[in-house]
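In: requesting a structural model of the entry that follows:
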Amino acid sequence: MPRPCSGIARRRSPLHFARGAGRGGIARNGDTKMSNIDSDVLLRAYAYGVFPMAEARDDPQLYWIDPEARGILPLTDFHVPKRLRRTIRQAPFTVRIDTAFREVMLGCAENGPNRNGTWINDRIISLYCDLHERGRAHSVECWLDDRLVGGLYGVSLGAAFFGESMFSRETDASKVALVYLAARLIAGGYKLLDTQFVTTHLQQFGAKEVSRNVYRSMLFEATAMTADFYSLPVDAPPEAVLQSVTQMS
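Out: Predicted structure coming up:
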């Protein structure tokens with residue numbers, strides 16, 4: 001989900017997206033003709049296990065990233081901390097699905113006290129909004145008094161979900177969104193929740209790293225299956241959300 005912008009290793013993919021990449025695994029669009037990228041190319045990239053990033057918000061160029069170690073959140077062992085369970089039961093936020101996708105992306109692109117800079121540029125926003133229009137990308141949003149105070153977005157492909165980024169303007173908003181996402185994925189029969197990288201924020205939920213080869217095996221198996229993002233009702237109450245997560249952990 002939240003991604004670092006350097007120190008990422010990769011190898012050449014059969015799609016040749018990263019042709020010309022130098023040491024460190026970063027290839028600029030000038031080297032890879034990424035100016036021609038569209039949502040179809042983006043879905044092919046995800047199906048193989050690579051994803052795009054920008055160096056900065058105002059940098060129009062994109063990079064294909066293929067980490068040697070990949071972050072995942074096992075849905076069969078998803079952990080919700082006790083304090084967060086209490087918070088969810090108190091329902092401090094109204095949680096909505098797919099009502100403000102672009103706004104969530106813009107929130108993820110904001111600078112904040114714990115975020116100095118962003119990898120989300122205008123091209124990233126346009127590409128993923130296109131995926132959203134096609135039903136391939138989704139947002140989970142936390143609202144407080146009609147204000148968007150947190151959320152996350154990601155890409156759905158088969159029974160795999162790729163968490164892209166999250167943000168929070170109120171305490172625990174992004175954490176609540178993540179639990180609601182996990183509950184939705186579990187209810188819908190998803191097999192893989194890809195976080196790209198592992199952060200301290202995600203480790204409390206059970207995130208771990210797997211090798212590129214292990215990840216690709218999991219990815220190919222999951223994308224060959226089907227899942228339903230809307231299996232869980234969009235207005236599912238907190239107890240139903242927690243029950244969905246608990247049944248698998």
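In: now the strands: where do they sit in this structure?
Out: For the chain, the strands defined by DSSP state E occupy 51-53, 63-65, 69-72, 94-97, 137-144, 147-157, 160-168, 192-196, 208-211.
In: flag the shaky bits of the chain, pLDDT-wise.
Out: The chain contains residues with pLDDT under 70 at 1-35, 112-117, 247-249.
In: how about stretch 68-86: buried residues?
Out: Using 16 or more other Cβ atoms under 10 Å as the test for burial, stretch 68-86 gives 70, 71, 72, 73, 74, 75, 78, 80, 84. The way it works is simple: take the backbone N, C-alpha and C, and place the C-beta from them, glycine included.
In: let's have those residues in CSV, adding distance to residue 196.
Out: Putting the buried residues of stretch 68-86 into CSV (distance: Cβ to Cβ, whole Å) gives the following:
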residue, distance to residue 196
70, 7
71, 6
72, 9
73, 11
74, 15
75, 16
78, 17
80, 21
84, 22
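In: so can I have TSV of the strands of the chain showing distance to residue 106?
Out: Listed next are these as TSV, based on distance: least, Cβ to Cβ, whole Å:
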stretch	distance to residue 106
strand 51-53	17
strand 63-65	21
strand 69-72	24
strand 94-97	16
strand 137-144	11
strand 147-157	9
strand 160-168	9
strand 192-196	20
strand 208-211	29
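In: what's the most distant pair in the buried residues of stretch 68-86?
Out: Between all members of those, the longest pairwise span (Cβ to Cβ) is found for 70 and 84 and amounts to 24.7 Å.
In: still on that earlier bit, which among the buried residues of stretch 68-86 gets closest to residue 239?
Out: Nearest to residue 239 among the buried residues of stretch 68-86, with distances taken as Cβ to Cβ, is residue 80, at 12.7 Å.
In: so what's the closest one up against?
Out: Residues counted as contacts of residue 80 (Cβ atoms under 8 Å, 6 or more residues apart in numbering) are 88, 179, 205, 242, 245, 246, 249.
In: then residue 194?
Out: 70, 71, 72, 160, 161, 162, 163, 215, 219.
In: I'd say the first one and residue 207 touch.
Out: No: the pair residue 70 and residue 207 does not pass the contact test of Cβ atoms under 8 Å, sitting 10.6 Å apart.
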